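Trainee: Mind looking at a prediction? Sequence and model below.
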Amino acid sequence: MSVSTEGFQLRSGSRWLGEWVELLSSMRFAISLLTVICIASVIGTVVKQHEPANNYVNQFGPFWAEVFASASLFSVYSAWWFLLILAFLVISTSLCIARTTPKIFADFKVFKEGIREQSLKAFPHRAEAALSEPSEAAAHRIGQQLLGSGWRVRLQARETPSGEGWMVAAKAGAANKLGYIAAHSAIVLICVGGLLDGDLMVRAQMWFNGKEPFTGSGLIADVPPQHRLPSTNPTFRGNLLVTEGTTAGTAILAQPTGVLLQDLPFSVELQKFIVEYHENGMPKLFASDIVIHDHITGEQKPARVEVNHPAQHRGINIYQSSFDDGGSRVKLQARALTRPTRPFEVEGTIGGSTPLSNGDEELILEYTGLRIINVENFSSDRSLQSADVRRVDLRQAIESRLGAGNKTVTERVLRNVGPSITYKLRDAAGQAIEYHNYMLPIDIDGSRMFLLGLRETPSESFRYLRVPADENDSMDGFLRLRAALDNADMRAEAVRRYSIEAVEGGRPELAAALAVSAARALDLFAGAEPVDLPPGVTNGLGQSRLVGGLQAVSAFLEANVPPQERERASDVLIRILNGTLFELAQLSRQADGVPPLPRDEATQQFMTNSVMSLSDSFFYPAPMTFQLVDFDHVQASVFQVARAPGQNIVYLGCLLLTIGIFAMLYVRDRRLWVWITPGADGQSRATMALSSNRKTLEVDQEFDLLKSQLLKVNT
């Protein structure tokens, strides 16, 4: 039996209704719906779902973000059109099954033993042979052999002009058609399970039960009932945030325009959140020790929730989704970067804020995140180095890509670099810049550096200012030098010392000329003498005036030195600048009662890094940076709680889909006919034909085997 792509044909009723019923029950319509669902699923996989609206605006722009939002592409799996297509797919596939199943089961009983001898000659697999036995005996022998090989057989006797002939009709592989039923039934079950476990029930309560998303703020206990779903809700999936030592019993269901609160029939108490790490600092275990407090019976049930090992209570699964900060207390020290300010300390809680005042400037310090473990990759990427085209090591290239799945061409060197703090500084207009500072210095290219990160929008990556650590592994040496750079008297004294020391023989006229050049270079670098760029020319930040840093020195040279002399002049000016900055560093240490820097390689490396950091500090948007000095870490677990009645239905559908696909791909539906006519002297003549739903080499081999076994024909 061949499966038709056409649908039900109504014998009565209007033509319009008949066409719609035929389309809805046709296989081509079901395949089209399945294709649309696959495309939508790809979109839902590529585009992050249920993200804040600002993230989509930053990623796609205002116009396309609005277009995609109107099409519900940011919540594909709960979109009305996706659920509607899913429902139509269930109906269409169910009608296809209802239309073809009776024909398939009826075909199980049909052996087609009434086929004519002339029809057998039209099959591609056919053979003829003379048998040395009567037709009836040959028919029974062949039938028994086929039964022994797993075929279903039916014999039919026919009268022929030469006597009684026999038709042996056999078939095998009927499970191939059962695979069709199983695969299509699996699609229905998976779609039904998806509808049950999806957002359909929640939307139904919003449509018919007066529920609406909550868009305000405040305590969960104060949220009105119209924003809450009852604990008897048959299906839901939400997030539950529980801080260590606290209890929570209301899950959050994210919606496109707000959130819904799902009351649970129990509360979850988080006793301890556990994180275990490998030696290289990578986490190997996330687990939560919880106590489930049943609201009905009062039972207290201890449990542990791990990744891929959920807990279950009253038909609700509790998964370890992620973890978050539970309100850690942090102590930060403000250190001046771009203007002289006394250091001071502030304390706060992650998620909270502290108002700051600096004269007329009002800022709000928002504590957004604390990470006590930061694992970074410190491997040297050899792929960035120049390749030697003369060297071809095929063995090494192959072996580097063989073996374990976690082995890469570039070996990773993972290292824990310690805690970090993330905060925002928000101005009076509400604009905020996010900062990410590491608590401890990090080894970078043989030097110890403090990393001070910043970004203007969440879609950007952090850009880091590298501040060199001094001999005490602190920022004090650099900040001391930065403050001295803003002091005109200290700059003048540093120039005087440098000019005296740099001129040999005490020649005052050379010392005076050198002092002028050194003062000009240091003032340019310190920003005391801004440099205007030519009209219409700006730097990478859109600025037409440069204030401080190596950029200002470079712009000055381009404006005042002929091109053929710039390289030599820049070398001289950089040496003068390095010398005056070294004297400035010595003066700053002397003013604070710190021993002077020795003239060694470590000091030279520190000064080289300081020059680059001082130059970059002029682009730092805040007058100060906040360094993490102490914290009291409080953790929280984010659980995903789900009541999924369609889960077992989906599992059954997956099992049927696997069985159906294997049956359709690997089970061949075959039919065999052997027509035996009587001959002279007690002999007979046989004509055999074989048909299969799939033309493969196995069919040719099987036919050759049947010829040799049944007809005694050697191949």
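Mentor: Received it, and whenever you're ready, just let me know what you need. Residues are numbered from 1 along each chain as shown.
Trainee: Give me the neighbour count for residue 120.
Mentor: For residue 120, the number of neighbouring residues by other C-beta atoms under 10 Å comes to 20. C-beta: built from backbone N, CA, C; applies to glycine.
Trainee: Which strands and helices lie in contact with the strand ranked longest in the chain?
Mentor: Taking DSSP state E as the assignment, the strand of the chain that covers the most residues is strand 258-277. In terms of contact count using 3 or more C-beta pairs under 8 Å, 6 or more residues apart in numbering; DSSP states H and E, strand 258-277 is assigned the packing partners strand 228-229, strand 236-243, strand 247-255, strand 283-294, strand 316-325, strand 635-643.
Trainee: now the longest one and strand 236-243, what's the angle there?
Mentor: Right, the one you point to is strand 283-294. Angle of strand 283-294 versus strand 236-243, following axes from the mean of the first three to the mean of the last three C-alpha atoms, to 10 degrees, is 100 degrees.
Trainee: for the third one, same thing?
Mentor: Regarding strand 247-255 and strand 236-243, their directions subtend 130 degrees when assessed with the same axes, to 10 degrees.
Trainee: Have a look at the protein and report the helix or strand with the lowest mean pLDDT.
Mentor: Confidence across the helices and strands of the chain bottoms out at helix 394-399, with a mean of 49, counting by mean pLDDT, DSSP states H and E.
Trainee: following that one, which helix or strand shows up next?
Mentor: Tracing the chain past helix 394-399, the next element assigned as helix or strand by DSSP states H and E is strand 414-416.
Trainee: low-scoring pLDDT stretches of this structure, where are they?
Mentor: Counting by pLDDT under 70, the chain contains low-confidence residues at 1-15, 279-282, 339-341, 358-360, 378-413, 504-507, 533-546, 714-715.
Trainee: residues in contact with the closest residue to residue 616 other than its chain neighbours?
Mentor: With C-beta to C-beta, 6 or more residues apart in numbering as the measure, residue 465 is the residue that lies nearest to residue 616, at 5.4 Å, once sequence neighbours are left out. Residue 465 is in contact with 451, 452, 453, 454, 613, 616, 617, 620, counting by C-beta atoms under 8 Å, 6 or more residues apart in numbering.
Trainee: Repeat the analysis, applying 7 Å as the threshold.
Mentor: Neighbouring residues of residue 465 by C-beta atoms under 7 Å, 6 or more residues apart in numbering: 452, 613, 616, 617, 620.
Trainee: just checking, the last one is part of a strand?
Mentor: By that I understand residue 620. No: applying DSSP: H, G, I helix; E, B strand; the rest coil, one finds residue 620 to be coil, outside a strand.
Trainee: That one is in contact with residue 338, isn't it?
Mentor: Yes: in terms of C-beta atoms under 7 Å, residue 620 counts as a neighbour of residue 338; the distance is 6.1 Å.
Trainee: about what we covered before: any chance of the helices and strands packed on strand 258-277 in a markdown table, plus distance to residue 141 and mean neighbour count?
Mentor: A markdown table is the format used below for the helices and strands packed on strand 258-277 (distance: least, C-beta to C-beta, whole Å; neighbours: other C-beta atoms under 10 Å):
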| stretch | distance to residue 141 | mean neighbour count |
| --- | --- | --- |
| strand 228-229 | 72 | 20 |
| strand 236-243 | 64 | 20 |
| strand 247-255 | 71 | 19 |
| strand 283-294 | 68 | 17 |
| strand 316-325 | 61 | 19 |
| strand 635-643 | 63 | 21 |
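Trainee: and of those, who's closest to residue 532?
Mentor: Set against residue 532 and scored by C-beta to C-beta, the helices and strands packed on strand 258-277 come closest in strand 316-325, at 46.9 Å.
Trainee: Residue 111 in helix, strand or coil?
Mentor: Reduced to three states by three-state DSSP, residue 111 is coil.
Trainee: So what's the residue count around it?
Mentor: Counted with other C-beta under 10 Å, residues neighbouring residue 111 total 19.
Trainee: Pick out whichever of the contacts of residue 465 sits closest to residue 554.
Mentor: The shortest approach to residue 554 among the contacts of residue 465 belongs to residue 616, at 14.0 Å (C-beta to C-beta).
Trainee: and that closest one, backbone torsions?
Mentor: When quoted as degrees, to the nearest 10, the phi and psi of residue 616 stand at phi -70, psi -30.
Trainee: if I look at it, how far off is residue 646?
Mentor: Counting by C-beta to C-beta, to the nearest Å, the gap between residue 616 and residue 646 amounts to 56 Å.
Trainee: Most neighbours of all the contacts of residue 465, which one?
Mentor: Compared across the contacts of residue 465, residue 452 has the highest neighbour count, 26 neighbours, by other C-beta under 10 Å.
Trainee: who's in contact with that one?
Mentor: Shown in contact with residue 452 (C-beta under 7 Å, 6+ apart): 437, 464, 465, 467, 625.
Trainee: Quick one: neighbours of the spatially closest residue to the fourth one that is not a sequence neighbour, just the number.
Mentor: Spelled out, that is residue 467. Spatially, and ignoring its direct neighbours in sequence, residue 467 is nearest to residue 450 (4.2 Å; C-beta to C-beta, 6+ apart). A count of nearby residues for residue 450, using other C-beta under 10 Å, gives 24.
Trainee: all helices for the stretch 1-150 of the chain, in order.
Mentor: Secondary structure of the stretch 1-150 of the chain, counting by DSSP state H, counting those that start in this stretch: helices at 15-24, 27-46, 53-60, 62-70, 80-108, 117-120, 135-148.
Trainee: Mind putting these into CSV with distance to residue 350?
Mentor: Conversion of the helices of the stretch 1-150 of the chain to CSV gives the following (distance: least, C-beta to C-beta, whole Å):
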stretch, distance to residue 350
helix 15-24, 55
helix 27-46, 32
helix 53-60, 21
helix 62-70, 29
helix 80-108, 37
helix 117-120, 82
helix 135-148, 76
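Trainee: what's the closest of these to residue 599?
Mentor: Closest to residue 599 of the helices of the stretch 1-150 of the chain is helix 53-60 (C-beta to C-beta; 49.8 Å).
Trainee: Show me what counts as buried in the closest one.
Mentor: Under the neighbour-count criterion of 16 or more other C-beta atoms under 10 Å, helix 53-60 has 56, 57, 60 buried.
Trainee: Any idea how many residues pack against the nearest residue to the first one once chain neighbours are set aside?
Mentor: The reference is to residue 56. Using C-beta to C-beta, 6+ apart and skipping the chain neighbours, the partner closest in space to residue 56 is residue 65 (4.4 Å). A count of neighbours around residue 65, defined by other C-beta under 10 Å, yields 19.
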